[in-house]
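K.L.:
From the sequence below, what's the structure:
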Amino acid sequence: MGFFKKIFSREKKEKLDSGLEKTKTGVWEKISRAVAGKSKVDEEVLDNLEEAFITSDVGVDTTLKIIQRLEERVARDKYVNSSELNDLLCEEVTGLLADDINRAESDQSGDFEVPADSKPYVIMVVGVNGVGKTTTIGKLACQYTKAGNKVVLGAADTFRAASIDQLEVWGERAGVPVIKQKMGSDPAAVAFDTVQSAKAHGADVVIIDTAGRLHNKVGLMNELTKIKNVMKRVIPDAPHEIMLVLDGSTGQNAYEQARQFSAATDVSSLAVTKLDGTAKGGVVIGISDQMKIPVKYIGIGEGIEDLQVFNPREFVKSLFLKK
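P.N.:
Numbering: from 1, shown residues only. Next comes the predicted model:
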């Protein structure tokens, strides 16, 4: 069993490395320019690194934290060889994400296991149109089902007929039922029907899709609050998780979406998608550091298995360490 687990882990690592290739190449190129002609990490190198990280969408505040850590390291060690910079960056960024790493490593459950005391486990998914929200829900449904769970999907994004149709396609692909009503129906009513059906049929996981538009915060808050309240009539502690899906390729715009949705509802986890098609993967580091909301999943490809549980330590290694 252990042998096969190692093989699977290696395969996941290879997928992660491949999915982050564009970001890794971009970061390495910028780091190489930052240390060009330098034998040690000095003030000029640190200034160049600051620019490199900011332009890689790590974010200003997180970049300043990384540079401060490097400055302290250089001051402590007196001499830091520029050829060892990638190892040093890996260590310091890993230290910056220590809380996320400790949280990930303390979770002894399987990637898609459900807490025994929270069945059905209700996940409400939020995010703007185009970020890969419905696709992420479909991939989650497939992987939860593969792990032996009975899953029910709720098409509470009644604003667009295409959202309902797309969710049905994923439902068929995953072999799970989709509870829906006609376009324009009350999203809260769909959510209520979904959790009621899931509870009656002994489901393990409920995933609720919601409207993918960022209207004014008051309207968004009212709609999401209504959905939560009607689900609580059936399952008092639902939703157990509110997941915000963000498009990693949008860089700084992902931060703004995270801030707005966090202000509108109690976001408890993040999924960052489309990292394979962008050089802006550094946004995951910034979001992990700044939002204080755990990044739970990352999307690094089109395949179902390419939605990975986020492993902060391996993510940092993939960006900064040579193969």
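
K.L.:
In the chain, where is pLDDT below threshold?
P.N.:
1-8, 79, 104-110, 214-217, 322-323 (pLDDT under 70).

K.L.:
secondary structure element for the residue minimising distance to the centre of the chain?
P.N.:
With distances taken as CA atoms, centre = their mean, the residue of the chain nearest its centroid is Ala271 (2.3 Å). Using DSSP states H and E, Ala271 maps to strand 269-273.

K.L.:
May I have the residues that are in contact with the residue nearest to the centre of the chain?
P.N.:
Residues in contact with Ala271, defined by CB atoms under 8 Å, 6 or more residues apart in numbering, are 136, 243-246, 295-299, 307. Just so you know, the C-beta spots here come from the backbone N, C-alpha and C atoms, and that holds for glycine as well.

K.L.:
cool, and Ala161?
P.N.:
Met183.

K.L.:
where's it relative to Val190, distance?
P.N.:
For Ala161, the distance to Val190 equals 14 Å [CB to CB, to the nearest Å].

K.L.:
Identify the residue nearest Ile31 in space, chain neighbours excluded?
P.N.:
Nearest non-adjacent residue to Ile31, counting by CB to CB, 6 or more residues apart in numbering: Ala52, 6.1 Å away.

K.L.:
distance of that neighbour from Lys65?
P.N.:
15 Å.

K.L.:
Repeat that for Asp111.
P.N.:
29 Å.

K.L.:
Those two: which is more packed in?
P.N.:
Lys65 (19 against 13; other CB atoms under 10 Å).

K.L.:
Break this structure into its domains for me.
P.N.:
2-104, 112-311 (automatic domain parsing).

K.L.:
and these as CSV, adding distance to Phe320?
P.N.:
Below are the domains of the chain laid out as CSV (distance: least, CB to CB, whole Å):
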stretch, distance to Phe320
domain 2-104, 4
domain 112-311, 10
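
K.L.:
Among those domains, which comes closest to Lys317?
P.N.:
Closest to Lys317 of the domains of the chain is domain 2-104 (CB to CB; 6.2 Å).

K.L.:
in the stretch 101-250 of the chain, which spans are helices?
P.N.:
133-146, 161-174, 187-200, 217-232 (DSSP state H, counting those that start in this stretch).
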